[in-house]
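# Structure, please.
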Amino acid sequence: MPSAPSAPSTALPTTPVTAPAPGPAKPQPAADRVYVHVKQGVLERRYEGGSLLTEGELADAVGVSRTPVREALLRLEVEGLIKLYPKKGALVLPVSAQEIADVVETRQLVEEHAARKAVPASPLLIARLEELLEQQREQAAAGDLAQAAVTDRCFHAEIVRSGGNDILSRLYDQLRDRQLRMGVAVLHSHPDRIAKTLTEHQEILDALRAGDADAAVAIVHRHVSWFSNLARGEVR
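You can find the predicted model right below:
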């Protein structure tokens with residue numbers, strides 16, 4: 001008896017299907033590029049306080065037209081880093097003695113509270129502070145004072161965040177740019193200070209590891225107060 005014809009195959013083709021290649025990365029908007037360029041220049045002291053920046057110079061430096069330059073400068077004026085003068089340019093605002101006093105007072109209130117609240121410190125916090133301290137040592141050894149100042153801010157911010165108070169953490173984060181600008185200025189004026197900073201960070205870490213809240217608070221107070229006294233004389 002003849003066999004029945006076989007059913008047509010329903011197997012799917014075995015040719016592999018490849019995912020489409022990702023498209024090119026979206027370019028950063030021109031105004032954002034100008035904003036980052038100027039802000040980094042101010043924070044890293046390439047644009048010193050009292051410097052007058054013109055739209056034309058910034059447009060040439062970043063490779064954009066003047067329209068995004070104006071947009072970026074308006075944002076920076078709102079943040080208090082520059083003052084716009086029509087038809088003249090943007091003045092990089094110097095750090096005033098009052099600003100230093102205000103920042104230091106806020107730091108003492110927030111950081112001393114945070115240091116006490118951080119005890120007993122979690123193993124995760126201790127490990128993160130150890131990592132940041134080692135990173136700062138490497139940056140200091142390489143002479144990268146700008147990055148050492150950034151890591152310095154991260155070290156203190158980790159302690160503040162460990163308290164779990166989001167409002168306090170956001171308040172502290174609002175000081176970040178001002179602290180970076182002051183910190184870089186002080187380190188450039190007194191490069192030997194970085195060694196003292198590293199020692200005090202190690203002392204803070206040791207006090208937290210030992211569960212000694214009083215010692216941690218006292219070291220933080222001394223650490224921040226020294227900055228206030230020096231900065232008043234060095235940054236105008």
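# So Lys83 is in contact with Gly89, correct?
No. Judged on C-beta atoms under 8 Å, Lys83 makes no contact with Gly89 at a distance of 9.9 Å. Quick note: C-beta positions are derived from backbone N, CA and C, even for glycine.
# Please identify which of these two sits among more neighbours.
Legend: neighbour count by other C-beta atoms under 10 Å for Lys83 and Gly89, higher for Gly89 (19 against 13).
# Surely that one touches Tyr47?
No. Using C-beta under 8 Å as the test, Gly89 is too far from Tyr47 to be in contact (11.5 Å).
# Now do the shared contacts for those two.
Leu53 (C-beta atoms under 8 Å, 6 or more residues apart in numbering).
# dump the residue contacts of the closest residue in space to Arg116 that isn't next to it in sequence.
Of all residues not flanking Arg116 in the chain, Ala213 sits nearest, at 4.7 Å (C-beta to C-beta, 6 or more residues apart in numbering). By C-beta under 8 Å, 6+ apart, Ala213 lies in contact with 115-116, 118-119, 207.
# Neighbour-wise, give me the winner out of those residues.
Busiest of the contacts of Ala213 [other C-beta under 10 Å] is Ala115, holding 27 neighbours.
# Check which helix or strand the closest residue to Arg161 other than its chain neighbours maps to.
Nearest residue to Arg161, sequence neighbours excluded (C-beta to C-beta, 6+ apart): Ser169, at 5.0 Å. Here Ser169, judged by DSSP states H and E, is contained in helix 166-173.
# for Val150, same thing?
Short version: Val150 belongs to helix 145-161, going by DSSP H and E.
# That helix - contacts with which helices or strands?
helix 97-117, helix 123-141, helix 166-173, helix 176-189, helix 193-210 (3 or more C-beta pairs under 8 Å, 6 or more residues apart in numbering; DSSP states H and E).
# Sweet, I'm off.
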